[in-house]
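# Dropping a prediction and its sequence here:
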Amino acid sequence: MQIIALVIVSASGLWLVGVSFMMALWPRYCLQLFEKMTSSLTASNRRLQLTEQGLRIVAGAALIVRSPLSKLSVAFEVAGWCIVISSLLILALPIRVHGSYGLWCSRWLNPLVLRVLSPIPAIVGAGIVYAAV
């Protein structure tokens, strides 16, 4: 179980690093993807909602399982529970609430904001991979 959790946690961390590079190099493309997801959620796309939240729940559960063997066990456990609980709450709400939050975020996101924020997922992702090993 620990090996599976390590693979999932590491993949999640590397995914964050990849997202960070996309934000820095192609911010307009990232905004287009975000707007596409938002419009799909606004149109009540249940499959997208379940896929997104399901992946978050799997990543959160992997953090919880991996926490005893990680370098930051308390942080992994707390973050894992926060991810799992927030995902379950999002699933309990109507899809349009999630979509409207995306619309609200898209109003203030622009390429410059994405470029400025791009180091954050890279630092978090690299930190997750480092602490998980």
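Here it is on my side, so go on.

# quick one: the helices in the protein?
Under the criterion DSSP state H, helices of the chain are mapped to 2-25, 27-42, 46-66, 73-92, 95-108, 111-117, 119-132.

# Touching, Val58 and Ile8? I think so.
Yes - applying Cβ atoms under 8 Å as the test, Val58 and Ile8 come out as touching, 6.3 Å apart. (Glycine included, C-beta is placed from N, CA and C.)

# Neighbour count: those two, which is higher?
Just comparing Val58 and Ile8: by other Cβ atoms under 10 Å the higher neighbour count belongs to Ile8, 20 against 16.

# Next, find the distance separating the nearest residue to Ala126 once chain neighbours are set aside from Gly125.
Excluding its sequence neighbours, the residue lying closest to Ala126 (Cβ to Cβ, 6 or more residues apart in numbering) is Val17, at 6.1 Å. Val17 sits 4 Å away from Gly125 when distances are taken as Cβ to Cβ, to the nearest Å.

# cool, and Leu109?
20 Å.

# Could you pull up the residues touching the nearest residue to Leu69 once chain neighbours are set aside?
Ranked by Cβ to Cβ, 6+ apart and with sequence neighbours excluded, the top spatial neighbour of Leu69 is Gln2, at 6.1 Å. Taking Cβ atoms under 8 Å, 6 or more residues apart in numbering as the definition of contact, the neighbours of Gln2 are 65-66, 69.
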